[in-house]
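In: got a sequence here, can you model it:
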Amino acid sequence: MSRSVRPVPTVTACALALVLTACGGTGGVQGTAGSAGVADPYFPEAGNGGYDVTHYALTLAYTPGTPDTPHTSTPLTGTATITARATQNLSAYDLDLKGMQVNSLTVDGKKTSWTRTGQELTIHPPATLPQGKTFKTTVHYSGTPETITDPDGSEEGWLPTADGALALGEPTGSMAWFPANDHPSDKATYDITITVPKGLQAVSNGELRTETTTRAGRTTYTWRTTHPMATYLATVAIGHYDITRTTTKNGLPVYVAVDPQEAAASRKVLAEIPEIMEWEEYNFGPYPFSSTGAIVDRRGDAGYALETQTRPFFPGAPDTATLVHELAHQWYGDSVTPKSWRDMWLNEGFATYAEWLWSEDHDGDTAQQTFDALYKGTYFPDRSDNEAIWSFPPARPTSAAHISDSPVYERGAMVLHKIRRTVGDARFYDIIQGWATTHRYGNANTADFTAYVEKMAPGKDFSEIWKDWLYGNGKPARP
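Out: This is a model prediction of the structure:
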């Protein structure tokens, strides 16, 4: 356990400890401390209570190591200005920040004390923040960001690459590179400004706010995300990239950044983005964001693709199915975001089923054929992979280590196919489009989804699907 305290002129017990009642306040308002963590069933320390973030303004500077020694980079320096609204009378509150050194901290421009324990940066404002008040926390920090190993063994956080670095956040990696309310239930807009050595690019979510500027051998990129985004979907990719800017038929900007080593292998599949976007809009409804695209880094830079908002990330050239999957997440996962990590199947089941629908519409296996192969145990070459589908129900992963396992993906998609067979195609597409529209830019959980399906298809019996397929243990008796 490590602790760092900002010196203040008068140190009192109230200023240094989390207390239930503030020692002082604004106009006599008494406050309580916001919770450290939002009681997520798999990541209980993630996120924080007492406030709702509306905007992150991040200003970062980074110099990578050399291609031969990527881990010899200089420290990341950052300033995070976090605009939030108090949801209670707030005497103290937490941000999630793992590693990194806090150099100074203010609340509404006033120097403020803080304490640190593990990933919790606990802030003690000079006076109670009344419920409903909008306030700004500015954190100046620096250090070498950590690469975090997830419970399932995958790596996230800040990943050094051969020519730069990559920031990926699912499920808890964003706290490695900026202080945040790091839980998908609190979404916000973003401005991300990154300064890197001249000759490197820095790519992030949303759109370039201004033309890049170069001074004293360093180039600054400023990206803006105007639609709410969960922290785990924020990204920064620093390195050498071939950049292409195009538009879809309806004028949607497409911004693609590809590592030169992957350019040839990626060219054909990335050219499919406009067609995929048109197909997904037809099936899932209007695209929820103001641009799209992709980031393709070298193979080995990360162990997985990720649906980073507006600009999915791929480690090496993706195939078409993977591109369809990550772009479908822009509707299911990015725009409609889970309330907790227990609801991961609402991301992955939908995106996996998008792959099945694409195959069905493009002369491949039908969704029914894929469903049948999974049920019969002939889908995967390896028997153990086929059996793993039934290891737990998609809506109840057994632990944090299993939220990205096969039942969440394949069996989650099978739940959607069962719904489709129950209600018919016309009503099914009404359901999935209406779900994306009803909860656009918000959060939802499994109970919200089942209630929505039942509302959209009155008179249909979904009890077997919910009981045996969504929540039931083992392989259902009937396909």
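
In: would you map the helices across this protein?
Out: 13-16, 263-270, 273-284, 320-328, 345-361, 367-376, 383-388, 406, 412-423, 425-438, 446-456, 463-464 (DSSP state H).

In: now the second one: how far from the chain's centre is it?
Out: Same thing as helix 263-270. 25 Å (Cα atoms, centre = their mean, to the nearest Å).

In: just for the stretch 301-450 of the chain, where's the confidence low?
Out: Across the stretch 301-450 of the chain, nothing is flagged by pLDDT under 70.

In: let me know how buried the nearest residue to Met344 once chain neighbours are set aside is, in neighbour terms.
Out: In this structure, Met344 finds its nearest non-sequential neighbour in Ile403, 4.6 Å apart by Cβ to Cβ, 6 or more residues apart in numbering. All C-beta atoms are positioned from the backbone trio N, CA, C, and that covers glycine. By the criterion of other Cβ atoms under 10 Å, Ile403 has 25 neighbours.

In: contacting residues for Ile403?
Out: When contacts are counted by Cβ atoms under 8 Å, 6 or more residues apart in numbering, Ile403 touches 42, 152, 171, 341-342, 344, 397.

In: export the residues you listed to TSV and tack on distance to Leu327?
Out: Compiled in TSV, these are given as follows (distance: Cβ to Cβ, whole Å):
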residue	distance to Leu327
Tyr42	26
Asp152	24
Pro171	21
Trp341	22
Arg342	25
Met344	18
Pro397	24
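
In: in PyMOL, select just the buried ones from the residues you listed.
Out: Entered in PyMOL, the line below selects the buried ones among these, by 16 or more other Cβ atoms under 10 Å:
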select buried, resi 42+171+341+342+344+397
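
In: state the pair within the contacts of Ile403 that is farthest apart.
Out: Asp152 and Arg342 (15.2 Å; Cβ to Cβ).

In: identify, from the contacts of Ile403, the entry nearest to Gly300.
Out: Asp152 (18.2 Å).

In: right, and that closest one touches Pro397 too?
Out: No. Applying Cβ atoms under 8 Å, one finds Asp152 not in contact with Pro397, separated by 10.4 Å.

In: where do the contact lists of those two overlap?
Out: 403, 405.

In: what's the nearest residue to Asn304 if we skip its chain neighbours?
Out: Residue 304: Tyr, not Asn. Using Cβ to Cβ, 6+ apart, the closest residue to Tyr304 is Ser154 (6.2 Å).

In: and for the one you found, the neighbour number?
Out: Using other Cβ under 10 Å: Ser154 sits among 15 other residues.

In: ok, now which ones touch it?
Out: Ser154 neighbours (Cβ under 8 Å, 6+ apart): 303-304, 404.

In: repeat for Leu95
Out: 48, 82, 120-121, 123, 137, 139, 179-181.

In: try 7 Å
Out: Neighbouring residues of Leu95 by Cβ atoms under 7 Å, 6 or more residues apart in numbering: 48, 121, 123, 179-181.

In: go on, Ala271?
Out: Contacts of Ala271 by Cβ under 7 Å, 6+ apart: none found.

In: quick one: it from Arg299, how far?
Out: 20 Å (Cβ to Cβ, to the nearest Å).

In: ditto for Ser290
Out: For Ser290, the distance to Arg299 - Cβ to Cβ - is 30 Å.

In: swap in Glu355?
Out: For Glu355, the distance to Arg299 - Cβ to Cβ - is 21 Å.

In: so these two - more neighbours on which side?
Out: Glu355 (21 against 15).

In: hang on, that one packs against Val324?
Out: Yes. Between Glu355 and Val324 a contact is recorded at 5.5 Å, counting by Cβ atoms under 7 Å.

In: please enumerate the strands of the stretch 1-150 of the chain.
Out: All strands of the stretch 1-150 of the chain, identified by DSSP state E, counting those that start in this stretch, fall at 32-33, 51-61, 76-86, 90-96, 101-107, 110-111, 113-117, 120-124, 134-143, 147-149.

In: for Trp435, which non-adjacent residue is spatially closest?
Out: Leaving out its chain neighbours, Trp435 is closest to Tyr452 (Cβ to Cβ, 6+ apart), at 5.9 Å.

In: and Leu233, by the same measure?
Out: Gln309 (4.2 Å).

In: out of the contacts of Ser154, who's nearest Glu348?
Out: For the contacts of Ser154, the nearest to Glu348 is Ser404 (7.2 Å; Cβ to Cβ).

In: can you give me the neighbour number for the closest residue to Arg311 other than its chain neighbours?
Out: Spatially, and ignoring its direct neighbours in sequence, Arg311 is nearest to Gly293 (4.7 Å; Cβ to Cβ, 6+ apart). The number of residues packed around Gly293, counting by other Cβ under 10 Å, is 22.

In: which pLDDT value goes with Gly293?
Out: For Gly293, the pLDDT comes out at 98.

In: distance of the closest residue to Ala388 other than its chain neighbours from Arg215?
Out: Nearest in space to Ala388, with sequence neighbours left out and distances taken as Cβ to Cβ, 6+ apart, is Ser406 at 4.8 Å. Ser406 sits 50 Å away from Arg215, going by Cβ to Cβ.

In: ok, Gly65 next?
Out: 23 Å.

In: which one's more surrounded, the two?
Out: Gly65 (17 against 9).

In: which residue packs closest to Gly364, ignoring adjacent ones?
Out: Trp358 (7.8 Å).

In: now Thr189
Out: His55 (5.0 Å).

In: burial of the one you found, as a residue count?
Out: Count around His55 with other Cβ under 10 Å applied: 16.

In: could you do Ile238 as well?
Out: 26.

In: again with Gly459
Out: Neighbours around Gly459, by other Cβ under 10 Å: 5.

In: likewise for Ala477?
Out: Ala477 has 8 nearby residues by other Cβ under 10 Å.

In: for it, grab phi and psi.
Out: Dihedral pair for Ala477: phi -70, psi -30, per degrees, to the nearest 10.

In: would you mind measuring from it to Glu387?
Out: For Ala477 relative to Glu387 (Cβ to Cβ), the value is 16 Å.

In: do the same with Ala444
Out: Counting by Cβ to Cβ, the gap from Ala444 to Glu387 is 31 Å.

In: of the two, who's got more company?
Out: For Ala444 versus Glu387, the count of surrounding residues by other Cβ under 10 Å is larger for Ala444: 18 against 13.
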